[in-house]
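> sequence isn't available, so here's the structure alone:
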């Protein structure tokens, strides 16, 4: 079998194993989630996901490790032109990226599922809040941490979420926000890879595409996250600008095309 | 890429260059010299061009310090960084032109010869190229530390370090340290005159500030304050490491364990994670709490930064030894070995 055919077969095996490991872990994870939706220690799921993540990452790494150790030389050694070698390499890189994305989304998906299950159970257990001063009752507000409200009688009424509600917030804040922004995330990762692939000095349009994709992601992600952490919704532009600052300072400002264009920051 | 690999990448090329130069005396003629120019120096400039240029002229092989003074090694380290790196601390076309003008560097090939000559002189002066590389590493860490301190000052100027509901970042960190160490939250809040609502609002705001602080200024202050309050058995080590890091100096306390023992702890955790074990349980099995581990890592991390380049060979041997030991200890952990090219 030619080196190219063996490379294709190798990549197919990696993809197949990656998918199988994810599917098995997903089934196990779902079964576990059903047992802790109403409470209990969910950390075993996190630890299990950690182990699965290690294995998936090892599979992903295996692609380029194998390429460098064996495939590159084998393909050229069979007399293939450099362009054919480069295309085979690009194929491996693209598959590696796709597997990395699938791994990210798999982990996020299971944790979001657990958070949703807990939130539903916590919602079902909600009880009206009673004012200690006058006995008036209030519907619990949407919150994952303590809220103090003023009662009409002048007393302070406190909503103190129970452990289940608090854990729904603690577990779900990132994965649910991330799921809401998954399209923007994918676009951002793609734009980042494109800029990196061009290598510095990158052309301005790739730098600006990267910038725009990041800004779109942060707006979407933070808007979703504000459901858990309301303070993030107070000044979204400031929140996004703060998160972009590092990229401007440490990446864009070191690109000649960006500097020559007058550092055209969008935020 | 692991920590050791990164260090190797950063300084491996310099080591090779100076070893060659030391072996050659001041004559500097070595026709293999150009073949690995820049390839493993860990910098971002265009290595391919170096390779071609090395064949075009032997200017790089001439011993020449140009305008560099070997007694001012920081100026030289700065020039290397500017000439051979991009990015945050690296150079620009303008800064490279300025350095070439200041030190009388004619072209890129001339620079390579000058660079290797200065490394060889420094290696003689300090006894080994490893020592020179360590000094360069220390200089770079000091530079990063100064940048971090500037970031923190910037965050303070913008009000990001102002107290929240009367709770300073240092106090919040100290209270979190107590919570992680097992203090009763209600008792602690009561003792500090803080009600639960205020505590949660302050925690939310500090967490939010940290999340948008991409320069890690708040995290750094928080981490130092957290460890300043540590009651763990390695608390003093962490405090010493933080003080030494801030001043970019050597530590005065001897390490509490060998690097090999520390490396074994790292491997224990790595293998535990691969097996889906609870990391806290893995630490506990090693006789450590989370606070112990955080404190110990602060110390050992800095200790390695200050020694690993100097002792590169011993580190490498130790790493291989520990790696083999743990591969033998956990034979069933590596999966997917059936997939081969």
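Cool, got the structure. Just so we're clear, the structure is a prediction, and the values are computed from it rather than from any experiment. Numbering: from 1, shown residues only, chains lettered A, B, ... in the order given.

> how about the helices in the stretch 51-200 of chain A?
With DSSP state H, counting those that start in this stretch as the criterion, the stretch 51-200 of chain A has helices at A:72-77, A:82-124, A:163-180, A:182-198.

> how far out from the middle of the chain is the longest one?
It refers to helix A:82-124. When distances are taken as CA atoms, centre = their mean, to the nearest Å, helix A:82-124 is centred 8 Å away from the chain's centroid.

> now do that helix against helix A:182-198, angle only.
Counting by axes from the mean of the first three to the mean of the last three CA atoms, to 10 degrees, helix A:82-124 lies at 150 degrees to helix A:182-198.

> comparing the helices of the stretch 51-200 of chain A, which comes out most buried?
Mean neighbour count (mean count of other CB atoms under 10 Å in any protein chain shown) peaks for helix A:163-180 among the helices of the stretch 51-200 of chain A, with a mean of 20. Using the backbone N, CA and C atoms, a C-beta is placed for each residue, glycine as well.

> so can I have CSV of the helices of the stretch 51-200 of chain A showing distance to chain B?
Putting the helices of the stretch 51-200 of chain A into CSV (distance: least, CB to the nearest CB, whole Å) gives the following:
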stretch, distance to chain B
helix A:72-77, 8
helix A:82-124, 11
helix A:163-180, 10
helix A:182-198, 12
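
> okay, the ones you listed in TSV with mean pLDDT next?
TSV is the format used below for the helices of the stretch 51-200 of chain A (pLDDT from 0 to 100):
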stretch	mean pLDDT
helix A:72-77	96
helix A:82-124	96
helix A:163-180	96
helix A:182-198	95
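
> can you put those helices in TSV and add distance to residue A:1?
Shown next, in TSV, are the helices of the stretch 51-200 of chain A (distance: least, CB to CB, whole Å):
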stretch	distance to residue A:1
helix A:72-77	11
helix A:82-124	14
helix A:163-180	41
helix A:182-198	30
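
> wouldn't residue A:51 be in contact with residue B:275 here?
Yes: in this structure residue A:51 lies within contact range of residue B:275 using CB atoms under 8 Å: 6.0 Å.

> would you tell me which helix is longest in chain B?
helix B:129-157 (DSSP state H).

> buried sites along it?
Of all the residues in helix B:129-157, those buried under the rule 16 or more other CB atoms under 10 Å in any protein chain shown are B:129-130, B:132-140, B:143, B:148, B:151-152, B:155.

> summarise which helices and strands that helix is packed against.
Secondary-structure packing of helix B:129-157 (3 or more CB pairs under 8 Å, 6 or more residues apart in numbering or on different chains; DSSP states H and E): helix B:3-24, helix B:73-84, helix B:108-126, helix B:217-228, helix B:235-247, helix B:290-307.

> can the fourth one be said to contact chain A?
Meaning helix B:217-228. No: counting by CB under 8 Å from any CB of the partner chain, no contacts exist between helix B:217-228 and chain A, the nearest distance being 11.2 Å.

> buried sites along that helix?
B:217-218, B:220-228.

> helices or strands up against it?
With contacts defined as 3+ CB pairs under 8 Å, 6+ apart, helix B:217-228 has these neighbours: helix B:129-157, helix B:169-180, helix B:196-212, helix B:235-247, helix B:290-307.

> among the helices and strands packed on helix B:129-157, which is the most enclosed?
Most buried of the helices and strands packed on helix B:129-157, by mean neighbour count (mean count of other CB under 10 Å): helix B:108-126, with a mean of 22.

> packing partners for it?
Counting contacts by 3+ CB pairs under 8 Å, 6+ apart, helix B:108-126 packs against helix B:3-24, helix B:47-56, helix B:73-84, helix B:129-157.

> how about a cut-off of 6 Å?
helix B:3-24, helix B:129-157 (3 or more CB pairs under 6 Å, 6 or more residues apart in numbering or on different chains; DSSP states H and E).

> of these, which shows the lowest average pLDDT?
Of all the helices and strands packed on helix B:108-126, helix B:3-24 carries the lowest average pLDDT, namely a mean of 47.

> and residue B:45, what pLDDT?
Looking at residue B:45, its pLDDT reads 36.

> and residue B:71, helix, strand or coil?
When classified by DSSP: H, G, I helix; E, B strand; the rest coil, residue B:71 comes out as coil.

> just read off the phi/psi values of it.
Here is the backbone geometry of residue B:71 (degrees, to the nearest 10): phi -80, psi -10.

> that one: neighbour count?
Taking other CB atoms under 10 Å in any protein chain shown as the neighbour definition, residue B:71 ends up with a count of 10.

> and it, how close does it get to chain A?
According to CB to the nearest CB, to the nearest Å, residue B:71 stands 31 Å off from chain A.

> for that residue, report the pLDDT, please.
Looking at residue B:71, the pLDDT reads 95.

> same question, the one 5 residues further on
Among the per-residue scores, residue B:76 shows a pLDDT of 97.

> picking that back up, save the helices and strands packed on helix B:217-228 as CSV, and put in distance to residue B:340 too.
Output for the helices and strands packed on helix B:217-228, formatted as CSV (distance: least, CB to CB, whole Å):
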stretch, distance to residue B:340
helix B:129-157, 38
helix B:169-180, 45
helix B:196-212, 43
helix B:235-247, 44
helix B:290-307, 35
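
> tell me how many other residues crowd the nearest residue to residue B:276 once chain neighbours are set aside.
Counting by CB to CB, 6 or more residues apart in numbering or on different chains, residue A:51 is the residue found nearest to residue B:276 once chain neighbours are left out, at 3.4 Å. For residue A:51, the count of nearby residues is 18 (other CB under 10 Å).

> go ahead and confirm residue A:51 touches residue B:277.
No: with contact defined as CB atoms under 6 Å, residue A:51 and residue B:277 do not form a contacting pair (8.1 Å).

> quick check: the gap between the closest residue to residue B:227 other than its chain neighbours and residue A:202.
Leaving out its chain neighbours, the residue that sits closest to residue B:227 by CB to CB, 6+ apart is residue B:238, at 4.2 Å. For residue B:238, the distance to residue A:202 equals 40 Å [CB to CB, to the nearest Å].

> then residue A:101?
22 Å.

> what does residue B:180 give?
Relative to residue A:202, residue B:180 is positioned 43 Å away (CB to CB).

> one more: residue B:140?
25 Å.

> from the stretch 51-200 of chain A, which residue is nearest to chain B?
At 3.4 Å from chain B, residue A:51 is the closest residue in the stretch 51-200 of chain A, using CB to the nearest CB.

> which ones are touching that residue?
B:274-276 (CB atoms under 6 Å, 6 or more residues apart in numbering or on different chains).

> give me the pLDDT value at residue 39.
With no chain named, the answer covers chain A. pLDDT for residue A:39: 92.

> wrong one, I was asking about chain B
pLDDT recorded at residue B:39 is 34.

> center of the chain, which residue is that?
Using chain A here. Per CA atoms, centre = their mean, the C-alpha nearest to the average position across chain A is that of residue A:178, at 5.1 Å.

> that's the other chain; I wanted chain B
Using CA atoms, centre = their mean, the residue of chain B that lies closest to the mean C-alpha position is residue B:305, 5.7 Å off.

> for chain A, see how far away the closest residue to that residue other than its chain neighbours is.
Ranked by CB to CB, 6+ apart and with sequence neighbours excluded, the top spatial neighbour of residue B:305 is residue B:141, at 6.1 Å. According to CB to the nearest CB, residue B:141 stands 17 Å off from chain A.

> chain center to the host helix or strand of residue A:13: distance?
Taking DSSP states H and E as the criterion, residue A:13 maps to helix A:3-36. On the basis of CA atoms, centre = their mean, helix A:3-36 sits 19 Å off its chain's mean C-alpha point.

> swap in stretch A:219-236?
The answer for stretch A:219-236 is 16 Å, by CA atoms, centre = their mean.

> and that stretch, which residues are buried?
Neighbour counts over stretch A:219-236 (16+ other CB under 10 Å) mark A:219-230, A:232 as buried.
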